[in-house]
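*Asks:* this is a predicted model, with the sequence first.
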Amino acid sequence: MARYQIPTDPRKPESKRPRRQRRDSQEPIPWMWLGMGAVVTVVAIGIAFLLARSLLLRPPLDADALPEPTIIRLTAPPSPTASATALFPTPTTIPTFTPVPTPDVAVAPEELTVGYYAVVQGTEDFGIRVRGGPSTNNVSIVVAPEGTLLYVIGGPEADDTVERLWWEVQLEDGTEGWVAGDFLVPAAAPEE
């Protein structure tokens, strides 16, 4: 049977030697490499044997040569000495509720006071403006006519611009606002 050979490339010079081709016969056995592998294996087994023998033939540790173990004893702190306890607890006083005396609104106070009534006076029948805050800069809510009875719920607050005292009041219809104290006079509560 004929063998196929690769033709030479015309572009390359023919200065190269042709490659050696394998033959169909078996290749020679590499005796040198097999021998070296066997030697390395025998040496490794010998070293392992010597190490195992030296570890197994070592004498056991002498019990007298070991250091004495340190014993650590944990102790709790001393407990306080027991003291006699009272059989009955000491009674404590219970605070009693002392009611705040209800102000007598049937009599007019000498000056304007929170929790009492006041009457609009001194406006020359113009009435007084009830405002949203303690100042003339606040919006006017309603005008309370001369002689209107108002319930004082807060105040007094000072106004920096006009130097007046302002009182928070509540009208009979429930409207709340601030009025100038210059036009209020203390009054007794209306009779029901």
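*Replies:* Done, it's in. Residues are numbered from 1 along each chain as shown.
*Asks:* counting by contacts, list what the lengthiest strand in the chain packs against.
*Replies:* Using DSSP state E to define each element, the chain has its longest strand at strand 149-158. Counting by 3 or more CB pairs under 8 Å, 6 or more residues apart in numbering; DSSP states H and E, the packing neighbours recorded for strand 149-158 are strand 117-120, strand 165-170, strand 176-180, strand 184-187. (C-beta placed from N, C-alpha, C; glycine too.)
*Asks:* and Val39, that's in a strand?
*Replies:* No - the assignment for Val39 by DSSP: H, G, I helix; E, B strand; the rest coil gives helix, which leaves it out of any strand.
*Asks:* so where's this protein uncertain?
*Replies:* 1, 13-27, 63, 85-86, 162, 192 (pLDDT under 70).
*Asks:* follow-up on the earlier one: run me through the strand neighbours of the longest strand of the chain, direction for each.
*Replies:* strand 117-120 (antiparallel), strand 165-170 (antiparallel) (DSSP bridges).
*Asks:* in a markdown table, list those along with mean neighbour count.
*Replies:* Output for those, formatted as a markdown table (neighbours: other CB atoms under 10 Å):
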| stretch | mean neighbour count |
| --- | --- |
| strand 117-120 | 21 |
| strand 165-170 | 20 |
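*Asks:* distance of Trp167 from Ala158?
*Replies:* The span separating Trp167 from Ala158 equals 11 Å under the rule CB to CB, to the nearest Å.
*Asks:* is Met32 in a helix, a strand, or coil?
*Replies:* With three-state DSSP as the basis, Met32 sits in helix.
*Asks:* likewise for Asp182?
*Replies:* Judged by three-state DSSP, the three-state class of Asp182 is helix.
*Asks:* pretty sure it contacts Gly122?
*Replies:* Yes - in this structure Asp182 lies within contact range of Gly122 using CB atoms under 8 Å: 7.1 Å.
*Asks:* quick check: beta-bridge partners of Ala180?
*Replies:* Beta-bridge partners of Ala180, counted by DSSP bridges, are Trp166.
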